[in-house]
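J.: sequence? don't have it. structure:
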């Protein structure tokens, strides 16, 4: 049976964790999309050193655990004199980790755009960078909206990693409530409902955007 007093008595605590999770997710989402798009361009650019950088980043980060990436910020940076608060470390770790997966999605979108688009843009006098930014990337992003949506939802769920380093996210406060009340099942069920408040609107919004772009095309 659900113990609804857990929700009513600790609603403020849940809300505080929900706000921190939403804030971390938005920051990491923006950072991962920008970094991932840049890495995708690196991977298909004719400049070999940039190709190597993009490939090395994606292959390395995609094949290590998210927890390790977060620990590199939380425990590794202080060893070289850079100290960040746990919230910042978790958010940076999320952005860096998710960027590798977004890069592969965006790269697939770029490769699916007909090569004639780039050639036509270059022949009209645009540089490679401007042709990519103004002509190819907008088309590529339209194509990869569904996989990007999946990565963004995964990012929100992966934000629970902040609880491991006391990042004051939703799971951190849920763990605190469970340890204080000894009511485990209801505590985490309600935490899951708060996560749904983030993921379901995002899923519906991207679905609406995809349908609208399809009608526009």
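T.: Yep, it's here. Please read all numbers here as calculations on a predicted model, not as lab measurements.
J.: show me what contacts residue 190?
T.: If you count contacts by C-beta atoms under 8 Å, 6 or more residues apart in numbering, residue 190 has them with 6-7, 14, 174. C-beta: built from backbone N, CA, C; applies to glycine.
J.: out of the residues you listed, who has the most neighbours?
T.: residue 174 (26 neighbours; other C-beta atoms under 10 Å).
J.: now, the contacts of residue 190 that are in helices?
T.: 6-7, 14, 174 (DSSP state H).
J.: switch those residues over to CSV; also include pLDDT and distance to residue 150.
T.: Compiled in CSV, those are given as follows (pLDDT from 0 to 100; distance: C-beta to C-beta, whole Å):
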residue, pLDDT, distance to residue 150
6, 93, 31
7, 92, 29
14, 96, 26
174, 96, 24
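J.: break down the protein into its helices, ranges please.
T.: Using DSSP H, helices in the chain cover 4-9, 11-44, 48-62, 66-71, 86-112, 115-123, 128-131, 137-143, 145-158, 170-181, 184-216.
J.: quick one: which of these is nearest residue 77?
T.: Ranking these by proximity to residue 77 (C-beta to C-beta) places helix 86-112 first, at 7.6 Å.
J.: just how off-centre is that closest one within its chain?
T.: 6 Å (C-alpha atoms, centre = their mean, to the nearest Å).
J.: helices or strands next to it in the packing?
T.: Applying 3 or more C-beta pairs under 8 Å, 6 or more residues apart in numbering; DSSP states H and E, one finds that helix 86-112 contacts helix 11-44, helix 48-62, helix 66-71, helix 137-143, helix 145-158.
J.: noted, bye for now.
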